[in-house]
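Asks: sequence below, structure please.
(one chain, ligands or ions: 1)
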Amino acid sequence: MTISTYPTVAIVGPGAIGTTIAAALHEAGRTPMLCGRTPRESLELHDAGGVVVVPGPVLIDPARAGGAVDLVFLAVKSTQVEAAAAWLAALCRADTIVCVLQNGVEQQSTVAPFVPGCPIVPSVVWFPAQVQPDGAVWLRGKARLTVPDVPAAGVVLVIGPHEVVQG
Ligand SMILES: NC(=O)c1ccc[n+]([C@@H]2O[C@H](COP(=O)([O-])OP(=O)(O)OC[C@H]3O[C@@H](n4cnc5c(N)ncnc54)[C@H](OP(=O)(O)O)[C@@H]3O)[C@@H](O)[C@H]2O)c1
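Replies: Predicted coordinates:
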């Protein structure tokens, strides 16, 4: 695995939360692969400071993923995890870290059946973001995640230490 130098990263579910994290990764020089169900050429994140455009495309066919990655951010809603299972199968090998960006306390048990053996990192998503009718996302606050203080969560700092708190 290459996580100590340049992890390969995918976002599954580039909606309000997924676009915000994709933009933070892009700004940190770690532009992720974008995996969704609605094709787009790019993602747009607006906030009080301006706009970030994350180059795509948003892939919609898991067969085009091109193999497993080091880190997957799963940002579909909890009710959509099963439907996104083909993405998880295409992107995960045994040591792929899966960081779940959802509300609720059942992130691990909801996702584990679809990523057997993979370390799963739950998170608390602190920021409000909204998808606009044109697909652009408005971030109304500071992007901030909390992840547990476990070794697997360290790779999530690839986003940038200011946005992610371990604890
Ligand atoms: N939004 C917030 O402010 C906020 C704050 C805290 C926590 N959360 C939590 O974050 C999680 C995500 O919420 P969200 O607001 O980001 O939802 P969202 O905007 O609806 O984003 C979900 C994304 O997943 C995509 N998707 C759905 N099914 C898929 C599939 N089978 N394969 C690939 N992609 C798929 C959707 O695609 P389409 O574009 O085709 O719909 C959409 O891009 C939820 O658990 C929510 O409770 C949200």
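
Asks: what pairs with the residue nearest to the spatial centre of the chain across the strands?
Replies: In the chain, the centroid-proximal residue (Cα atoms, centre = their mean) is residue 73; its distance is 2.7 Å. Counting by DSSP bridges, residue 73 is bridged to residue 11, residue 99.

Asks: tally of neighbours for residue 35?
Replies: 30 (other Cβ atoms under 10 Å). Any C-beta I mention is one placed from the backbone N, CA and C, and that applies to glycine too.

Asks: wait, residue 8
Replies: Number of residues near residue 8 (other Cβ under 10 Å) recorded here: 19.

Asks: contact partners for the nearest residue to it once chain neighbours are set aside?
Replies: Spatial nearest neighbour of residue 8, chain neighbours left out: residue 69 (4.1 Å); criterion: Cβ to Cβ, 6 or more residues apart in numbering. Listed by Cβ atoms under 8 Å, 6 or more residues apart in numbering, the contact set of residue 69 reads 7, 8, 9, 10, 33, 91, 92, 96.

Asks: apply 6 Å and report the result again.
Replies: 8, 10, 91 (Cβ atoms under 6 Å, 6 or more residues apart in numbering).

Asks: excluding its backbone neighbours, what's nearest the second one?
Replies: This means residue 10. Residue 10 sits nearest to residue 33 (Cβ to Cβ, 6+ apart), 4.2 Å away.
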